[in-house]
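# Predicted model, plus sequence, below.
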Protein chains: 2
Amino acid sequence: MTRNELRAANTKARLVAAARALFARDGYAQTGTEAILAEAGVKRGALYHHYRDKADLFEAVCRELAAEAAEAVRVATDDVADPIEALEKGSVAWIDYMARPESRQILVVDAPGVLGRERWDALDRELSFDLLRAGTAAAADAGALRFAAGSEVLAVLLNGAMNQIAMRGGNDNAELKSGLIELLRALAR
Amino acid sequence: MTRNELRAANTKARLVAAARALFARDGYAQTGTEAILAEAGVKRGALYHHYRDKADLFEAVCRELAAEAAEAVRVATDDVADPIEALEKGSVAWIDYMARPESRQILVVDAPGVLGRERWDALDRELSFDLLRAGTAAAADAGALRFAAGSEVLAVLLNGAMNQIAMRGGNDNAELKSGLIELLRALAR
DNA sequence: TACATAACAAACAGACTGTCTGTCAATAAT
DNA sequence: ATTATTGACAGACAGTCTGTTTGTTATGTA
């Protein structure tokens, strides 16, 4: 890492951290780039040197959040042998991460509209959906599921249900989570 | 209906129709109010006389679309006696309506971010979710479901799954729809 | 050391939204 | 019927905000 790269990395990190905090608190549209620049202690030129536009910075924030969510899922499922149990644990961990106001505002509320459908789809698939699909595929391969439509389809349906849980209640989602688990078990044999 | 009210209704209808077409084609953020005014053949003063701001007009468009979706569901389930079958038919009708590019762009992609979480929640609950909940409640009351978490929870999960189906594939969602139906039948006794 | 390139600074231009004042038709009051 | 008042709109305008452009400084390289 040369000094220039270090400086650039620092600037980008400051920008992403500031943007993350403000996007989370006020929403994408209500957050001006000027506020981000002030919070990050960086000037306009630096922002547009590293990021194409405001949406591009937003995407960087999304990537950071999604990576953290994926990490939380990995931690929760790392030492779980049974694929159905892993699916349950992973789903709950993912929901818990996404239900935090920060993730919810940025990834659930704002991201689709800001990034557009296909860009959002690609990012979601890469950082979140693939993990879930791996979970359902593992369960299917182990013969632990009875779902004729296939594990990919199941992953889509679960993904939607989990999104909705995250979108709704902040803390009172215990009922919803146990409902999801009941649904999973209904498909387990 | 006095002449003034008629004129106002006409103006509002023109605005909503123009906004609907442009929001659907270009997305909310990419659609300037000037384009809407030109398309509607109406001046700026008229827009801001009837609507508080751009988001308020957007909400009017959302209400129109959501009402049409609800109507499609009613038509599809009107003469269906069996509550599980009604749930299936209603779900498919809803998905078919929402998967159209117009509804998808406006209601699925843009609406949460533009209206904000709570405003979007209220609208969705009023115009779409309540209908679904009525469907699951009817099935539960008829004793046709085995789902301990309750019909309200089930409605949330299904709502999310259906949203995701609408968000994804435009026309190749046949697999996903039959997957949803398989899921429903797994919970039917 | 000389040159090239990357990282930023600062000013600026264009676009866009919402407001504000004014006008005109329509409805209500006397 | 005449006047007053309200509602529907027109048109200009101001403030804001994003992205660009030009210039400057620091860094890496030949």
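That came in fine, so what should we check first? Residues are numbered from 1 along each chain as shown, chains lettered A, B, ... in the order given.
# okay, stretch A:79-91 in PDB with CA atoms only?
Taking Å, rounded to 0.1, in the frame of the first residue of the first chain, the C-alpha atoms of stretch A:79-91 are listed here in PDB:
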ATOM      1  CA  ASP A  79     -21.000 -24.500  13.400                       C
ATOM      2  CA  VAL A  80     -24.500 -25.700  12.700                       C
ATOM      3  CA  ALA A  81     -24.500 -29.200  11.100                       C
ATOM      4  CA  ASP A  82     -28.200 -29.700  10.400                       C
ATOM      5  CA  PRO A  83     -29.200 -27.800   7.300                       C
ATOM      6  CA  ILE A  84     -32.700 -27.000   8.400                       C
ATOM      7  CA  GLU A  85     -31.500 -25.600  11.700                       C
ATOM      8  CA  ALA A  86     -28.800 -23.700   9.800                       C
ATOM      9  CA  LEU A  87     -31.500 -22.200   7.600                       C
ATOM     10  CA  GLU A  88     -33.500 -21.200  10.700                       C
ATOM     11  CA  LYS A  89     -30.500 -19.700  12.500                       C
ATOM     12  CA  GLY A  90     -29.300 -17.900   9.400                       C
ATOM     13  CA  SER A  91     -32.700 -16.400   8.700                       C
END
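# residues of that stretch that come out buried?
A:Pro83, A:Ile84, A:Ala86, A:Leu87, A:Glu88, A:Lys89, A:Gly90, A:Ser91 (16 or more other Cβ atoms under 10 Å in any protein chain shown). Quick note: C-beta positions are derived from backbone N, CA and C, even for glycine.
# Residues contacting that stretch, please?
A:73, A:76-77, A:131-132, A:135-136, A:138-139, A:141-142, A:144-145, A:158, A:162, A:177, A:180-181, A:184-185, A:188 (Cβ atoms under 8 Å, 6 or more residues apart in numbering or on different chains).
# among those residues, which are in reach of chain B?
Among the contacts of stretch A:79-91, the ones lying near chain B by Cβ under 8 Å from any Cβ of the partner chain are A:Leu158, A:Met162, A:Leu180.
# Go through those residues and say which is closest to B:Leu107.
A:Met162 (19.8 Å; Cβ to Cβ).
# Just give the closest residue to the closest one, not the sequence neighbours.
A:Ile95 (5.5 Å; Cβ to Cβ, 6 or more residues apart in numbering or on different chains).
# Now for the spatially most central residue of chain A: which residues touch it?
Closest to where the C-alpha atoms of chain A average out (Cα atoms, centre = their mean) is A:Ala66, at 3.4 Å. Taking Cβ under 8 Å, 6+ apart, we find A:Ala66 in contact with A:Leu107, A:Leu123, A:Asp124, A:Leu127, A:Ser128.
# Please consider this matter closed, and thank you.
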